[in-house]
Each structure stands twice: as structure tokens, then as C-alpha cells.
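# got a sequence here, can you model it:
(one chain, ligands or ions: 2)
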Amino acid sequence: MKIFAIEEALNRLNAGEVVAIPTETVYGLAAKIDSKAGIEKIFSTKQRPFFDPLIVHVSSKKMAETLTKDWSPLADFLADHFWPGPLTLVLPKAEHVHGMITSGLESVGIRMPKHTLTLGLIDRVGVPLAAPSANRFGKTSPTTAEHVRQEFPNQDILILDGGACEVGLESTVLSIQRQDSQYQLCLLRAGAIKKSDLENALASKNFNFQFVESAAKGQAPGQMKHHYMPEIPLVLVIGKTNEADILHQSQRQILQLPDQIEGVKIIKPKKFETLRRLELPNEATAAARLLYSELRSVSQTADLDLIYFLIEPHHQAEDWKAVMDRMTKAASLILDSEMGNSR
Ligand code: TXA
Ligand code: MG
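Numbering: from 1, shown residues only. Ligands and ions are numbered 1, 2, ... in the order given. A predicted model of the protein is given here:
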């Protein structure tokens, strides 16, 4: 069955079609980087704006090197250390990488996913695969094949079923630039590989590097404030409050939001009567694995108007950074009972 699916995936990719692929982070919607038709199909299928660049997936370091003008010793070290795994390296792009993939930027995001099915497929194709997460633009990323099916119900998309994603959140995105003799590292997206993991790994080497805090303008497109949104509003709650108050405050504030922010439709329920608390494990890795699937299943509950999540002190820890980043972007509102309301 799987062998057949790989053959079919190969045929479709070669014909300029898209194929949904499993990775350890989330499912991706893939096309060959040398297929203009395939790349266009990624954007049209996802209804994704062209300003949001795609990550290119490779099955070997050698393949990664072909995509960049500057495969530096530091990039090589991080690839050895963290690949295959949830780390995307943003490096100066090679000439042949199409501007549609990079949104016209001079850099390209590259990663080697940790999933045997997908690594095998890329090997067979022999060409890197561009793949954003396999969800409609702005929506919750899929962590199972069934989620991908739900995202694109009326489209004939081949989905390679590789089981539930082990990590559950998108990769860490790290930009590497060389300035004079120093490497400038910038974390563009939080993920399972934390800043301290990178620092610990680099501590064993003598690279001259520094982390720079904020990306230069235009360096980090696709960092929209509203992303990963479930089908009914998610409200983050800080401090002591009660459910009646959450409903009341949410109704007042969500109805005042614009209908659309950064191209993402803001969902406004007709009534604010029923709500459900989103519960996640106390341990961050387990919470990351479950976040998207829980958001999906809770938002499919019949007759539910609102989901809320209580932010607790332990969510401030570095381990929770990626989960809280996604949670904040998925939220329509943050209610802070002590500080007044934000967002
Ligand atoms: O875990 C992942 O990274 C998943 C799986 C499928 O590999 N992919 C994923 O792709 O999350 P996507 O399209 O949902 O997110 C891509 C993001 C962009 O929105 C942008 O923030 C960053 O990666 N990115 C990609 N290329 C970049 C570049 N050249 N410069 C800056 N940021 C870039
Ligand atoms: Mg995405």
C-alpha cells in the first residue's frame, strides 16, 4: 500500500501536482522546486498570499548545499547537529531557486524533515520539495492525514499517511547571515529547537556569532499576528476570572474586531453562550504534540461558541515559547483581568 502511494506521489510531483507529505512537525503540501506549475498550485490550493515564502525540504546535506550561495561552516555544523529535525536554516539563496518560493527574497529556508517516508520520497524525486504546512492560509496546521483531508475536502490531493506528527508544531526558523567575520543569527520562528539548544550546541565550537533580536524589515515575512486560527474563536485568559465574564468580555470585544486582519478572516460567532476550556498537558513537549489536534477537535464540538485557555505561570518557561507563540497567534483575543484587556 505504502509502496504504491510513493509511486503515485512520484508521478503526481513529476506531473506538476501537489502531494501532502508527513513530517515530524506538521504535514506539508509539497511540490518540486523546479516545477512552476506545482509551486503555483501550492499557493492556489492553500489560498496563500505570495508574500509568504515556502520552506524547501531536502533529504541530504548535499542537496541543501545546492540551494544556497553560502553553505557556511556554521550552517554545516547546525545541519550535522540538528538534521533531520525541526530546524529550518534561512541562507542566501542560490540563483536557480525561484523567487516565487522565496517571495522575492534573496534568502531561502531549508530543512531536512525527520520522517522516513518523506525522506525516501525526496530521494526518489531527486529534487528538493517546497512545502508549507498543508492547511488553508491562516488556519490550524494539520498533524494527521485526516486533518489534511478536512482542510481540502473537495480537492483531489494525494496524502501520504505517515501517522500523527511527533512534534506537532512547525520547525524553528533560524536565519544565518555573515557580516565581516561574524555570524548573525536571528530566530524568526520559535519551534521545538530552542535558543538554548542552539547555544548549547554552538558552545562546543569556536564560531564567532551573535544572536540578533529582531529581524531587519522584510527579513521575516509570514510572521502574521493572526495565524493558525481554529474554526471558532480562541480566547487566552490571564488572571482570575469566571466563565460568565469570559463570555461577556469576549462578546463585547470580538464583535468590535475587523472582519479580516492580514488577509485572515476573523470568525465572529452569532451568539456567545457556550464555551469550553482547552486543556493541555503540563509538559511542553506533550502540549506541543497535542495543541493543533485539540484545537481542531474542540472547535468541531457541536453548538460551541468559544474556546478559552488559561495562561498559568509555568507557561512562561522557555520550553513553552513555541506553544505560546502559536497560541497567541491562534487567539482572537487576550483577556487580562489584572492589566485590562489587550490585543
Ligand atoms: O515545520 C515546518 O517548517 C513545516 C513543515 C511542513 O516542514 N512547514 C512550515 O511551512 O511551517 P510554512 O509555510 O507554514 O511556514 C514557512 C515560514 C514562513 O511563513 C516564514 O515565516 C518562514 O517560514 N520562511 C521561509 N522562508 C523564509 C525566508 N527566506 N526568509 C524568512 N523566513 C522564511
Ligand atoms: Mg503554515
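
# for the residue lying closest to Gly162 once chain neighbours are set aside, what are its contacts?
Closest residue in space to Gly162, ignoring its immediate chain neighbours: Pro22 at 2.7 Å, by CB to CB, 6 or more residues apart in numbering. Just so you know, the C-beta spots here come from the backbone N, C-alpha and C atoms, and that holds for glycine as well. Shown here is Pro22, whose contacts under the criterion CB atoms under 8 Å, 6 or more residues apart in numbering are 115, 117-118, 145, 160-163, 165.

# try it again at 7 Å.
For Pro22, the contacting residues are 115, 117-118, 160, 162-163, 165, taking CB atoms under 7 Å, 6 or more residues apart in numbering as the criterion.

# of those residues - the most surrounded one?
Counting neighbours by other CB atoms under 10 Å, Thr118 comes out on top of these with 27 neighbours.

# before we move on, the earlier item: pLDDT, distance to ligand 1 and secondary structure for the contacts of Pro22 - can I get that in JSON lines?
Formatted as JSON lines, the entries for these read as follows, by pLDDT from 0 to 100; distance: CB to the nearest ligand atom, whole Å; DSSP: H, G, I helix; E, B strand; the rest coil:
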{"residue": "His115", "pLDDT": "98", "distance to ligand 1": "10", "secondary structure": "coil"}
{"residue": "Leu117", "pLDDT": "97", "distance to ligand 1": "13", "secondary structure": "helix"}
{"residue": "Thr118", "pLDDT": "98", "distance to ligand 1": "9", "secondary structure": "helix"}
{"residue": "Leu160", "pLDDT": "97", "distance to ligand 1": "12", "secondary structure": "coil"}
{"residue": "Gly162", "pLDDT": "97", "distance to ligand 1": "12", "secondary structure": "coil"}
{"residue": "Gly163", "pLDDT": "97", "distance to ligand 1": "15", "secondary structure": "coil"}
{"residue": "Cys165", "pLDDT": "98", "distance to ligand 1": "9", "secondary structure": "coil"}
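
# need the helices for the protein, in chain order.
Per DSSP state H, the chain carries helices over the ranges 2-14, 36-46, 61-65, 73-82, 99-102, 116-125, 145-151, 195-202, 243-254, 284-299, 321-330.

# Asp161 against Thr144, yeah?
No: with contact defined as CB atoms under 7 Å, Asp161 and Thr144 do not form a contacting pair (8.3 Å).

# settle it for me: which of those two has more neighbours?
Here Asp161 and Thr144 are set side by side on neighbour count (other CB under 10 Å), and the busier one is Thr144, at 20 against 16.

# that one and Ala164 touch, don't they?
Yes: judged on CB under 7 Å, Thr144 makes contact with Ala164 at a distance of 5.1 Å.

# mind checking pLDDT for the residue nearest to Gly162?
The predicted local confidence for Pro22 comes out at a pLDDT of 98.

# and the one 10 residues further on, by the same measure?
In the prediction, the pLDDT value recorded for Lys32 is 98.

# tell me the one among the contacts of Pro22 nearest to Ile33.
Checking these against Ile33 by CB to CB gives Thr118 as the nearest, at 14.7 Å.

# what sits closest to that closest one if chain neighbours are left out?
Here the residue nearest Thr118, using CB to CB, 6+ apart, is Ile21, at 4.7 Å.

# same question for Glu8.
Of all residues beyond its chain neighbours, the one nearest Glu8 is Leu158 (5.8 Å), with distances taken as CB to CB, 6+ apart.

# shaky segments in the stretch 1-150 of the chain?
Screening the stretch 1-150 of the chain residue by residue with the criterion pLDDT under 70, one finds the ranges 1-3.

# interface residues of it facing ligand 1?
Residues of the stretch 1-150 of the chain lying near ligand 1 by CB under 6 Å from any ligand atom: 23, 25-26, 28, 52-55, 86, 88, 90, 102, 105, 107-109, 113, 131-133.

# again, only this time at 5 Å
Where the stretch 1-150 of the chain comes near ligand 1, counting by CB under 5 Å from any ligand atom, the residues are 23, 25, 28, 52-53, 55, 90, 102, 105, 107, 109, 131-133.

# what pLDDT does the residue nearest to Glu8 get?
Reported pLDDT for Leu158: 97.

# same thing with Glu338?
Note for Glu338: predicted pLDDT of 67.

# kindly report the same for the one 5 residues further on.
Looking at Arg343, its pLDDT stands at 52.

# Ala331: neighbour count?
Ala331: 23 neighbours (other CB under 10 Å).

# so what's it up against?
Remark: with contacts taken as CB under 7 Å, 6+ apart, Ala331 is in contact with 234-236.

# thanks a lot, see you next time.
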